[in-house]
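A.B. asks: build me a model from this:
(2 chains)
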Amino acid sequence: MSLSAAIGQTPSPSPVVDAAVVRSPGYWTGVLRRLSRDPVAMTALVVIVLLLLMAIFAPYIAPADPSKGSMLRRLKPIGFPGYPLGADELGRDMLSRLIHGGRLSLLMGVTPVPIAFVIGSLLGITAGYVGGLTNTLIMRTVDVFYAFPSVLLAVALSGALGAGLTNALVSLTLVFVPPIARVAESVTTQVRGLDYIDAARASGAKAGSIIRVHVLGNVLGPIFVYATSLVSVSMILASGLSFLGLGVRPPEPEWGLMLNTLRTAIYTQPMVAALPGVMIFITSIAFNMVSDGLRSAMDVKS
Amino acid sequence: MTEAVAIENLSVTFTGGSKPVRAVDGVSLSLGQGEVLALLGESGSGKSVTLRSLLRLHPPKRSRMTGSIRVAGRDVLELSPGELADFRGGVVSMIFQEPMLALDPVYTVGAQITEAIRRHEKISAADARKRALALFERVRIPSPDRRLDAYPHEMSGGMRQRAMIALALACRPSVLLADEPTTALDATVQIQILLLLRELQRELGLSIIFVTHDIGVAVEIADRIAVMYAGRVVESGSVRDVIRGPRHPYTRGLLASRVERAQKGDRLETIPGSPPDLTALPPGCAFAPRCSLAAPQCREIVPPLAEVGPAHTAACIRVAETV
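C.D. replies: Got it, this is the predicted structure:
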């Protein structure tokens, strides 16, 4: 990231330096230090890491085959012998399915955000810095997308593209580009009018280096924080798409899809039926909390 | 004395709004090498716009500049974009009013100074840092080495302005533009910054154009004063001449309205009325509607700057009455 690169430019201690002087650490070191002092964010971060590890090592952790069913053991309650978290409507082990389901759910929830972050920032920063007609063209196009509720847009796009994992990812990415571009544009417009941009111009900086150093440095933080808050939305939307049959298809385990197939069992085994929802809830809330912590940690002034 | 800056008949018109605004109207100024000129005037009199014109900081799409600005023999208005970028900071640099806003909050001040140095000169990061350190010592920032690694918000207002001055001087410019650099500071810090600027100016032989609306500050720092009103220079001369014997009614009004001379219980003198709308200037002298000496003629022609003493000019047709 250009921000950390630019900060890395700060020259290393020169020999003239008094050794006793304590040097103030770099920007990201400071952010990490502040983040590590935030118990809520750290707990949430641990949860996310655990979820990621769970997803990565799913085949080794899961006690049973997630797709092997048993007609005799359908819809067993939590704690049924051999099925620690019960069994679903086809008698498959819920625990194993939840563990395996994390792979697709996390993939679908997390991937669209960084891609949309890159595209949205690019559009937004360009619009904000160049201004004028370029701004109008980009932002009005973005507004068209913005006019639709995000769920509706995601459903409409995946519906149009057809079901399937890739199409779901593409449509989710497209859903997140407009809000990120919006935030990027407004922050850039704000930063562009500030004195330090004028000051940089007054000391001879060219447009390219002003954008790279002074605009990006000030703009990426807020956009990044906003984007992390979108991960939880993305998780929920992705689950929603699968629930509607537009994302992953059975028998692949995926939390949203599991929620859908188990919904008929809501009266017979409500606890089991709610489990995928609990996973979605935990994951999205963890991402939200990390994003909140990051927001305050990245505020240099506090 | 060689001329460091020669502005001739400069006009700046902003065309962004619904009506064009002529913020600077036919300003001519000259500044000798090693001289300090104070541009004095109230808000909206065009002093900052004039200053920013020297670096061509106005958005080219929304402003129009005519006339000529020569700095060190080069016409600023004719520079190509590349030459302009080298010129900014290298020949002429600027300190801003609010250092908190003029320093980028996400980089250390040291990083910003080394960035400016390395933009203009091909030297290593370590050498640039040494230069920055020397500059910090020069502007008397205590524990300069540690301060180089401080973020702008970690410094006090006076310290930030010192850092800003160090940044402006980083590439050894010959002309320094100061846009009310002490307005945002409290009074004790203000005088320290002024003394520092004065000292640096002497040591480095800088030419400074100093914009202010504070007469006291102008007297403290400047060799010469140019008073601006509604985008025009109405009086200019040495500090002594202008302060002791102001000839333009506006300058007289400004000086009369100082608080320092008032006794307790006195009503403060004021200039009646308010500055004119720059989109619709009156045809004659812009000050005529507020002027107690205004004659019918004043409302018809724009009075040119005329000699009223050695190196002292005023733009008033009734100077005879202001002796």
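A.B. asks: show me where the stretch 101-250 of chain A has helices.
C.D. replies: A:112-130, A:132-146, A:150-161, A:165-192, A:195-202, A:207-209, A:216-243 (DSSP state H, counting those that start in this stretch).
A.B. asks: go through those helices and name the closest to residue B:167.
C.D. replies: Among the helices of the stretch 101-250 of chain A, helix A:195-202 comes nearest to residue B:167, with 7.7 Å by CB to CB. For glycine as for every other residue, the C-beta is placed from the backbone atoms N, C-alpha and C.
A.B. asks: for the closest one, list the C-alpha coordinates in CSV.
C.D. replies: The C-alpha trace of helix A:195-202 is given here as CSV (Å, rounded to 0.1, in the frame of the first residue of the first chain):
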residue,chain,number,x,y,z
ASP,A,195,-4.5,23.9,2.5
TYR,A,196,-1.9,21.1,2.6
ILE,A,197,-2.7,20.2,-1.0
ASP,A,198,-2.2,23.9,-1.9
ALA,A,199,1.0,23.8,0.2
ALA,A,200,2.2,20.8,-1.7
ARG,A,201,1.6,22.5,-5.0
ALA,A,202,3.3,25.7,-3.6
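A.B. asks: name the helices or strands packed onto it?
C.D. replies: Here helix A:195-202 touches helix B:81-90, strand B:92-95, helix B:99-102, going by 3 or more CB pairs under 8 Å, 6 or more residues apart in numbering or on different chains; DSSP states H and E.
A.B. asks: the residue of the stretch 51-200 of chain B found nearest chain A: what's it in contact with?
C.D. replies: Nearest residue of the stretch 51-200 of chain B to chain A, counting by CB to the nearest CB: residue B:89, 3.5 Å away. Going by CB atoms under 8 Å, 6 or more residues apart in numbering or on different chains, residue B:89 touches A:202-205, B:116, B:119-120, B:168, B:170-171, B:173.
A.B. asks: a markdown table for those, including neighbour count, distance to residue B:192 and pLDDT?
C.D. replies: As requested, the contacts of residue B:89 are exported to a markdown table (neighbours: other CB atoms under 10 Å in any protein chain shown; distance: CB to CB, whole Å; pLDDT from 0 to 100):
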| residue | neighbour count | distance to residue B:192 | pLDDT |
| --- | --- | --- | --- |
| A:202 | 27 | 23 | 84 |
| A:203 | 26 | 24 | 83 |
| A:204 | 23 | 28 | 82 |
| A:205 | 23 | 29 | 83 |
| B:116 | 27 | 24 | 89 |
| B:119 | 22 | 29 | 87 |
| B:120 | 19 | 28 | 88 |
| B:168 | 29 | 17 | 90 |
| B:170 | 26 | 21 | 89 |
| B:171 | 22 | 24 | 88 |
| B:173 | 24 | 22 | 90 |
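A.B. asks: pull the most distant pair out of these.
C.D. replies: Most distant of these, by CB to CB, are A:205 and B:173, 14.7 Å apart.
A.B. asks: quick one on the thing from earlier: now, of the helices and strands packed on helix A:195-202, which is deepest in the fold?
C.D. replies: Of those, the one with the most neighbours on average (mean count of other CB atoms under 10 Å in any protein chain shown) is strand B:92-95, at a mean of 27.
A.B. asks: give the contact list for the residue nearest the centre of chain A.
C.D. replies: When chain A is reduced to its mean C-alpha position, the nearest residue by CA atoms, centre = their mean turns out to be residue A:231, at 2.5 Å. Residues counted as contacts of residue A:231 (CB under 8 Å, 6+ apart) are A:109-110, A:113, A:284, A:287, A:291.
A.B. asks: circling back: out of the helices of the stretch 101-250 of chain A, which comes closest to residue B:322?
C.D. replies: helix A:195-202 (38.1 Å).
A.B. asks: sorry, back to before: tell me which of the contacts of residue B:89 is nearest to residue B:143?
C.D. replies: residue B:170 (19.5 Å).
A.B. asks: one step back: and the helices of the stretch 101-250 of chain A as CSV, adding distance to residue B:40?
C.D. replies: Formatted as CSV, these follow (distance: least, CB to CB, whole Å):
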stretch, distance to residue B:40
helix A:112-130, 36
helix A:132-146, 36
helix A:150-161, 56
helix A:165-192, 31
helix A:195-202, 22
helix A:207-209, 34
helix A:216-243, 35
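A.B. asks: wait, which of those is closest to residue A:37?
C.D. replies: Per CB to CB, nearest to residue A:37 of the helices of the stretch 101-250 of chain A: helix A:216-243, 17.5 Å.
A.B. asks: so for that closest one, mean pLDDT?
C.D. replies: For helix A:216-243, the mean per-residue pLDDT is 84.
A.B. asks: let me know the angle separating it from helix A:195-202.
C.D. replies: 130 degrees (axes from the mean of the first three to the mean of the last three CA atoms, to 10 degrees).
A.B. asks: and helix A:216-243, how far from the chain's centre?
C.D. replies: 4 Å (CA atoms, centre = their mean, to the nearest Å).
A.B. asks: tell me what angle it forms with helix A:165-192.
C.D. replies: Using the same axes, to 10 degrees: helix A:216-243 against helix A:165-192 is 150 degrees.
A.B. asks: what comes up buried for helix A:216-243?
C.D. replies: For helix A:216-243, a neighbour-count test (16 or more other CB atoms under 10 Å in any protein chain shown) marks A:216-243 as buried.
A.B. asks: equivalent analysis for stretch B:216-224, please.
C.D. replies: Neighbour counts over stretch B:216-224 (16+ other CB under 10 Å) mark B:217-224 as buried.
A.B. asks: residue contacts, the residue lying closest to residue B:22 once chain neighbours are set aside?
C.D. replies: With sequence-adjacent residues excluded and distances taken as CB to CB, 6 or more residues apart in numbering or on different chains, residue B:22 is closest to residue B:13, at 4.9 Å. Each residue near residue B:13 by CB under 8 Å, 6+ apart is listed here: B:20-23, B:63-65.
A.B. asks: next one: residue B:175
C.D. replies: Contacts of residue B:175 by CB under 8 Å, 6+ apart are B:4-5, B:31, B:54, B:71-72, B:91-93, B:206-209.
A.B. asks: repeat the analysis, applying 10 Å as the threshold.
C.D. replies: Applying CB atoms under 10 Å, 6 or more residues apart in numbering or on different chains to residue B:175 gives the contacts B:4-5, B:31, B:33, B:54-55, B:71-72, B:91-94, B:206-209.
A.B. asks: and for residue B:284?
C.D. replies: Going by CB under 10 Å, 6+ apart, the list of residues near residue B:284 reads B:294-303, B:317.
A.B. asks: please report the distance of the residue nearest to the centre of chain A from residue B:284.
C.D. replies: From residue A:231 over to residue B:284 the distance is 66 Å, taken as CB to CB, to the nearest Å.
A.B. asks: is it true that residue A:165 touches residue A:247?
C.D. replies: Yes: the pair residue A:165 / residue A:247 is scored as a contact, 6.6 Å apart, by CB atoms under 10 Å.
A.B. asks: looking at the two, which is more packed in?
C.D. replies: Comparing residue A:165 with residue A:247 by other CB atoms under 10 Å in any protein chain shown, the one with more neighbours is residue A:247, at 29 against 18.
A.B. asks: distance-wise, check the more buried one relative to residue B:269.
C.D. replies: 78 Å.
A.B. asks: what's the closest of the contacts of residue A:231 to chain B?
C.D. replies: residue A:291 (19.3 Å).
A.B. asks: not counting sequence-adjacent ones, nearest residue to residue 105?
C.D. replies: Just so you know, I chose chain A. residue A:255 (4.4 Å).
A.B. asks: chain B was what I was after
C.D. replies: Counting by CB to CB, 6+ apart, the residue nearest residue B:105 is residue B:152, at 5.7 Å.
A.B. asks: contacts only, for the one you found.
C.D. replies: Going by CB under 10 Å, 6+ apart, residue B:152 touches A:196, A:300-301, B:99-109, B:112, B:159-160, B:163-164.
A.B. asks: now which of the residues you listed would you call buried?
C.D. replies: A:196, A:300, B:99-109, B:112, B:159-160, B:163-164.
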